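J.: Prediction below, plus the sequence it came from.
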Amino acid sequence: MTLVHLRTGLTYEALGGIYEVGSSTIRRAICEVASAARRARVRRPGPARGAAAHAR
């Protein structure tokens, strides 16, 4: 769900509806994964490579 949030920008409330859990559960899960990623120095996902070339 963290990647879905980062890629789509969906709110915690919207993700909670999709995954059938409360928004506080979504927030907690996303914060835990983001914190672990920062500690591991993982970069935030961006657009797929070559996306601009395919858009032409």
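T.: Great, that's in hand. Residues are numbered from 1 along each chain as shown.
J.: Please compute how far the longest helix belonging to the chain lies from its chain's middle.
T.: As assigned by DSSP state H, the longest helix anywhere in the chain is helix 23-40. Its chain's C-alpha centre and that of helix 23-40 lie 9 Å apart, by C-alpha atoms, centre = their mean, to the nearest Å.
J.: got the buried residues for that helix?
T.: Neighbour-count burial for helix 23-40 flags 26-27, 29-30, 33 (criterion: 16 or more other C-beta atoms under 10 Å). In short, each C-beta sits where N, CA and C put it, glycine included.
J.: May I see the residues you listed arranged in CSV, with distance to Gly17 and pLDDT as well?
T.: Converted to CSV, the buried residues of helix 23-40 look like this (distance: C-beta to C-beta, whole Å; pLDDT from 0 to 100):
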residue, distance to Gly17, pLDDT
Ile26, 10, 95
Arg27, 14, 95
Ala29, 15, 94
Ile30, 15, 93
Val33, 19, 91
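J.: And the residues you listed, which is closest to Gly9?
T.: Ile30 (12.1 Å; C-beta to C-beta).
J.: Now do the same contact list for that closest one.
T.: 1-2, 5, 12 (C-beta atoms under 8 Å, 6 or more residues apart in numbering).
J.: Any chance of CSV for the buried residues of helix 23-40, columns distance to Gly16?
T.: Shown next, in CSV, are the buried residues of helix 23-40 (distance: C-beta to C-beta, whole Å):
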residue, distance to Gly16
Ile26, 5
Arg27, 9
Ala29, 10
Ile30, 11
Val33, 16
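J.: Excluding covalently adjacent residues, which one is nearest to Arg27?
T.: Tyr12 (4.9 Å; C-beta to C-beta, 6 or more residues apart in numbering).
J.: distance of the nearest residue to Ala34 once chain neighbours are set aside from Ser23?
T.: Excluding its sequence neighbours, the residue lying closest to Ala34 (C-beta to C-beta, 6+ apart) is Thr2, at 6.7 Å. Using C-beta to C-beta, to the nearest Å, Thr2 is found at 14 Å from Ser23.
J.: Next: Leu3.
T.: 18 Å.
J.: Please consider this matter closed, and thank you.
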